[in-house]
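Engineer: Could you work out the structure for the sequence below:
(one chain, ligands or ions: 1)
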Amino acid sequence: MSDLSKLKALDVEHGPADYGVSYGHVKRDEVDTSHGAILYLEDVTVSFDGFKAINRLNLDISVGELRCIIGPNGAGKTTMMDIITGKTRPTAGKVFFGQSMDLTRMAEHEIAHAGIGRKFQRPTVFEQHTVFENLELAMKMNKRVAPTLFFRLGSEQKDRIDATLRLIRLAGEEKRLAGLLSHGQKQWLEIGMLLMQEPKLLLLDEPVAGMSDAETARTAELLNELRGKHSIMVVEHDMGFVEEIARDGKVTVLHEGSVLAEGSMKQVQADERVIEVYLGR
Ligand SMILES: Nc1ncnc2c1ncn2[C@@H]1O[C@H](COP(=O)(O)OP(=O)(O)OP(=O)(O)O)[C@@H](O)[C@H]1O
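Structural biologist: Predicted coordinates for the structure are as follows:
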C-alpha cells in the first residue's frame, strides 16, 4: 500500500481524535455508557449464502474491560469484529455502542469516528516516516479539517506523543524510520497510532501473531498497562498470552458463531465443552 493510500485508509478507518478547539474539531458525539456497557451484541446472526458464520451471538463488554476472545479456526471471531466495525452487516440482531449508537445503521467511517479503533493482524504503519511522525500523523488525522496535517505541535501534543512512545516501548527509537522496525515494534507502533486517536473501544486482532517470545511478553505488559484505562477486545490464538492478559477478567470462547463458554481463563480451560472443541474429542 502506498503511503498516500495508507493515509487515506487511516483517515477513513480510524477517523479523527478529539483534540478540542486547538485543531478546530467539532466535538464528536459522546458514547452513552451510563449503564456501564461500552458494547453489546444481542442475538446477532450473519448468514453467508445460508451458512451462519455468526449464530445468535450475545456479548457485552463493560467500560474499561479488557476482554479476550478465543475460539478455534472458523469460530466467527473475525466476522464478529467485522460486524462491530460495520464491514459486515448482520442478517439479524442488535449491535450497540453504548446505550444509543446502533452500529448496524452506521457506515464504517462513522463507526471509526465514533471511537472504535481496530488493529488488523498485519501492521500498517507509514514505513517511509519516522516513528515520531507516524504518531504525529495519527494524532493529526482528521478528515473533516483538511489543513490539520499542517498544524504545528504544541507542547501538550508532544508530551502525549512522548508518553505514548514510552508506553509502546519505542522511546529512543522515535527518529527511526518505521520501515526499519522489527515486526513486533511495528505492531506496537500501530497500537500507539490507534491510541493517539483516543478510541473509546479498541479491537485488536491477533496482536502477537508472528512475534518472538520476548515481543509477546512485552505486548502482554503493554496491554496490562492499558488495563482499566481503555475498553479493549483482544482476539488471540496464543493461549499463554491470553493467560497473561486475562488475569481475573472474562474470557469468551466462540464456537460455530455463538458463545460456547464465558468466564475466567481457569473456568473456560476447565470447561468440558471447550476442551472438546479444542481437542476435537
Ligand atoms: N465472506 C464470507 N463468505 C462466506 N463464508 C465466510 C465469509 N467470511 C467468513 N466466512 C466463514 O464464516 C466462518 C467464520 O469465519 P471467521 O473468519 O469469522 O472465523 P475466525 O474465528 O476468525 O477464524 P480464524 O481463527 O481462522 O481467523 C468460517 O467458516 C468462514 O469460512
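Engineer: The helix or strand harbouring L137 - contacts with which helices or strands?
Structural biologist: Per DSSP states H and E: L137 is located in helix 131-140. When contacts are defined as 3 or more Cβ pairs under 8 Å, 6 or more residues apart in numbering; DSSP states H and E, helix 131-140 sits against helix 3-14, helix 155-167, helix 183-196. Every C-beta, even on glycine, is put in place using the N, C-alpha and C of the backbone.
Engineer: For the stretch 151-281 of the chain, which segments are assigned as helices?
Structural biologist: 155-167, 183-196, 213-226, 239-246, 265-270, 272-279 (DSSP state H, counting those that start in this stretch).
Engineer: Buried residues in stretch 237-248, which are they?
Structural biologist: 238, 241-242, 244-246 (16 or more other Cβ atoms under 10 Å).
Engineer: now, the most widely separated pair of these?
Structural biologist: Using Cβ to Cβ, the two most remote members of those are D238 and A246, lying 11.7 Å apart.
Engineer: Quick check: chain neighbours aside, which residue is closest to the residue most central in space within the chain?
Structural biologist: By Cα atoms, centre = their mean, the chain has its centre lying nearest to L203, at 2.0 Å. Of all residues not flanking L203 in the chain, R118 sits nearest, at 4.4 Å (Cβ to Cβ, 6 or more residues apart in numbering).
Engineer: Please settle this for me: is the one you found part of a strand?
Structural biologist: Yes. The assignment for R118 by DSSP: H, G, I helix; E, B strand; the rest coil puts it in a strand.
Engineer: T85 is in contact with that one, correct?
Structural biologist: Yes. Here R118 reaches T85: they are 5.3 Å apart, a contact under Cβ atoms under 8 Å.
Engineer: between those two, what contacts are shared?
Structural biologist: Common contact partners of R118 and T85 (Cβ atoms under 8 Å, 6 or more residues apart in numbering): 112, 203.
Engineer: More neighbours: which of these two?
Structural biologist: R118 (22 against 19; other Cβ atoms under 10 Å).
Engineer: so what's the more buried one up against?
Structural biologist: By Cβ under 8 Å, 6+ apart, the neighbours of R118 are 13-14, 81, 85, 112, 194, 202-205.
Engineer: Isn't K186 up against R176?
Structural biologist: No. When contacts are counted by Cβ under 8 Å, K186 is not listed as touching R176 (11.0 Å).
Engineer: So for those two, which sits in the more crowded spot?
Structural biologist: K186 (20 against 15).
Engineer: Count the residues that sit near the closest residue to that one other than its chain neighbours.
Structural biologist: Once flanking residues are discounted, K186 sits nearest to P123: 3.8 Å by Cβ to Cβ, 6+ apart. If you count neighbours by other Cβ under 10 Å, P123 ends up with 21.
Engineer: Can you give me the separation between P123 and the ligand?
Structural biologist: The spacing between P123 and the ligand, counted by Cβ to the nearest ligand atom, to the nearest Å, is 17 Å.
Engineer: surely that residue meets I191?
Structural biologist: No. Counting by Cβ under 8 Å, P123 stays clear of I191, with 9.3 Å between them.
Engineer: quick one: low-confidence parts of the stretch 151-281 of the chain?
Structural biologist: Along the stretch 151-281 of the chain, segments meeting pLDDT under 70 span 151, 279-281.
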